[in-house]
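[1] coords below, sequence missing:
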């Protein structure tokens, strides 16, 4: 084997701190077992990518890393799309010829071991029931579940804003439906105008989308008790990290739901966990299988949120690993955040495959020992091109690696064993019973019922007043005590209103008289000025008092005065 390759692998993957062993480097089909390809435990929160064509060993790589993390005391979360990760709870099969052959080629002794595992389920059939409230999901993620466009998602945001402003808890789909119908009704439209309004067509789309979810059984996912993310961060008394496996095989036909739930879970972790910076080991490592489902048809706003979460959650001590078929499944802005890479074989059967292969090859560091594009297509099952971040934050040399076999069972648990583990779980007991407390549906329904009852009572009172005279003792005696009290209150209001009307009329009359008096005074002053002007004729002024009195008398007579 080339000495430069040997030296590069030995120095590039040497560690002075705890790490996870991935396998042995290869060159020209020859293994270098003296230098293991490994990643420091402290760098597992730098995020990563496990990619490769179907059947090349991606899931087993996930299982290998998750098992070692658990043994190192790091809790792990895994989304299990096909149901074959459940075997991580049981020891592997040491008698399996393929396992024996792999272990022998790597120069190690296979020691089977199971890992402490909790099983979770969105439906409650394959694990502890996982729920989330509609409110905590928020309009953006819920819009993805409902397959809404941006305009419809903005309308959904109005609904959430109204509910927040009016203290209406949105816990389940019934709360959302009732709120939506109320705001679209004649009673609710004036309220909604303050928030910008919405068209009846958009309301119809939202309601139909919700009905489709309910028919698919998704309404069981929304509600309380809401899943607590702290339950993902537990360890056993002997210090092993608990592996939480979200079983999704029974909801595979609803990819929008479980992919968006995964993003919700990351968002909850980011909001609730404190900033911790760099730790000797992560608080949690999150494996997202079939990650392309998250990015399919995602809006720009949703992609921004995914990128922001991936970029910032590292400082919370959480590592995120996307498992998918090709790196091109992951947006470039997210791919740039993934420092640890395990690339299994890719096949180029179509022009699109060839293009994806070339793009993938360009994302790896340059190597003097490999033609990256050719090597990716020639890797066998359980082999991969690996590059990770060293403790100094520098990418390690690219290594074609034969991976270790997982120490746990590389198959699904038998159904009876799985159900027995689920039944014995404390989380199953904790989340088994749904809680339906007063929320938007009950509050709005109560308000509507009270308004209808008041309107009905008013109509009955009016009908009663039409058949009897409530102003006579005989008329009052035909009423119930409650009706009598309402009638007395009504008459008192009418009398008070009449008194107020009389007082208003009196004040108006006083204002009219005062206005007339002001007019009379103004006329008198005007006449006085006219008389004074007439006294001065031809520019000559009559100065004698007798003459002025005569003139005043004459003009006073002419202009209606008393003189």
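    On my side now, so go ahead. What you see is a predicted model; the values in this text were computed from it and never measured.
[2] what sits closest to residue 344 if chain neighbours are left out?
    The shortest distance from residue 344 to any non-neighbouring residue, by CB to CB, 6 or more residues apart in numbering, is to residue 52 (2.5 Å). For the C-beta atoms, the positions are set from N, CA and C on the backbone; glycine is no exception.
[3] which ones are touching the one you found?
    58, 325, 343, 344, 345, 346, 384 (CB atoms under 8 Å, 6 or more residues apart in numbering).
[4] just the pLDDT at residue 540, thanks.
    With respect to pLDDT, residue 540 scores 50.
[5] likewise residue 486?
    pLDDT recorded at residue 486 is 74.
[6] quick one, phi/psi of residue 279?
    Dihedral angles of residue 279 (phi, psi; degrees, to the nearest 10) stand at phi -120, psi 160.
[7] where do the helices of the stretch 351-500 of the chain begin and end?
    With DSSP state H, counting those that start in this stretch, the ranges of helices along the stretch 351-500 of the chain come out as 351-362, 372-378, 415-424, 426-431, 440-467, 473-477, 481-535.
[8] could I get the average pLDDT for the fourth one?
    By that I understand helix 426-431. For helix 426-431, the per-residue pLDDT averages 92.
[9] now do it: everything it contacts.
    Applying CB under 8 Å, 6+ apart, the contact partners of helix 426-431 are 118, 120, 127, 128, 129, 130, 131, 225, 227, 231, 422.
[10] list the buried residues for it?
    Buried residues in helix 426-431, counted by 16 or more other CB atoms under 10 Å: 427, 428, 431.
[11] closest to residue 2 out of those?
    Residue 2 has its nearest neighbour among these in residue 427, at 51.9 Å by CB to CB.
[12] can you put the helices of the stretch 351-500 of the chain in JSON lines and add distance to residue 313?
    As requested, these are exported to JSON lines (distance: least, CB to CB, whole Å):
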{"stretch": "helix 351-362", "distance to residue 313": "25"}
{"stretch": "helix 372-378", "distance to residue 313": "29"}
{"stretch": "helix 415-424", "distance to residue 313": "29"}
{"stretch": "helix 426-431", "distance to residue 313": "23"}
{"stretch": "helix 440-467", "distance to residue 313": "31"}
{"stretch": "helix 473-477", "distance to residue 313": "72"}
{"stretch": "helix 481-535", "distance to residue 313": "61"}
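[13] least reliable of these going by mean pLDDT?
    Note on the helices of the stretch 351-500 of the chain: lowest mean pLDDT is at helix 473-477, with a mean of 52.
[14] circling back to that earlier point, pick the one among the contacts of residue 52 closest to residue 409.
    Proximity of those to residue 409 (CB to CB) peaks at residue 58, which lies at 17.1 Å.
[15] show me what contacts that closest one?
    Counting by CB under 8 Å, 6+ apart, residue 58 touches 50, 51, 52, 323, 344.
[16] again, but for residue 411
    84, 87.
[17] so where's the stretch 251-400 of the chain uncertain?
    297, 299 (pLDDT under 70).
[18] for it, what spans make up the strands?
    284-289, 318-324, 340-343, 383-387, 399-403 (DSSP state E, counting those that start in this stretch).
[19] these: which one's closest to residue 199?
    Checking these against residue 199 by CB to CB gives strand 284-289 as the closest, at 36.5 Å.
[20] what's next to that closest one, contact-wise?
    Strand 284-289 has contacts (CB under 8 Å, 6+ apart) with 44-45, 50, 59, 62, 65-66, 69, 74-81, 85, 232-233, 262, 265-266, 269, 294, 317-323.
[21] show me those that map onto helices.
    Judged by DSSP state H, the contacts of strand 284-289 include 59, 62, 65, 66, 69, 262, 265, 266, 269, 294 as members of helices.
[22] one step back: right, and the helices of the stretch 351-500 of the chain - which one's nearest residue 181?
    For residue 181, the closest of the helices of the stretch 351-500 of the chain is helix 440-467, at 8.7 Å, according to CB to CB.
[23] tell me the confidence at the residue nearest to residue 344?
    Residue 52 is assigned a predicted lDDT (pLDDT) of 92.
[24] so how far is residue 516 from it?
    100 Å (CB to CB, to the nearest Å).
[25] pick the one among the buried residues of helix 426-431 closest to residue 191.
    For the buried residues of helix 426-431, the nearest to residue 191 is residue 431 (35.7 Å; CB to CB).
[26] what helices or strands is the longest strand seen in the chain leaning on?
    Looking across the chain with DSSP state E, the single longest strand is strand 19-27. Packing contacts for strand 19-27, counted by 3 or more CB pairs under 8 Å, 6 or more residues apart in numbering; DSSP states H and E, involve helix 3-12, strand 37-40, helix 58-71, strand 383-387, strand 399-403.
[27] just to revisit the earlier point, save the contacts of helix 426-431 as a markdown table, and put in distance to residue 283 and secondary structure too.
    Conversion of these to a markdown table gives the following (distance: CB to CB, whole Å; DSSP: H, G, I helix; E, B strand; the rest coil):
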| residue | distance to residue 283 | secondary structure |
| --- | --- | --- |
| 118 | 16 | strand |
| 120 | 18 | strand |
| 127 | 22 | coil |
| 128 | 21 | strand |
| 129 | 24 | strand |
| 130 | 20 | coil |
| 131 | 23 | coil |
| 225 | 23 | coil |
| 227 | 17 | coil |
| 231 | 13 | helix |
| 422 | 25 | helix |
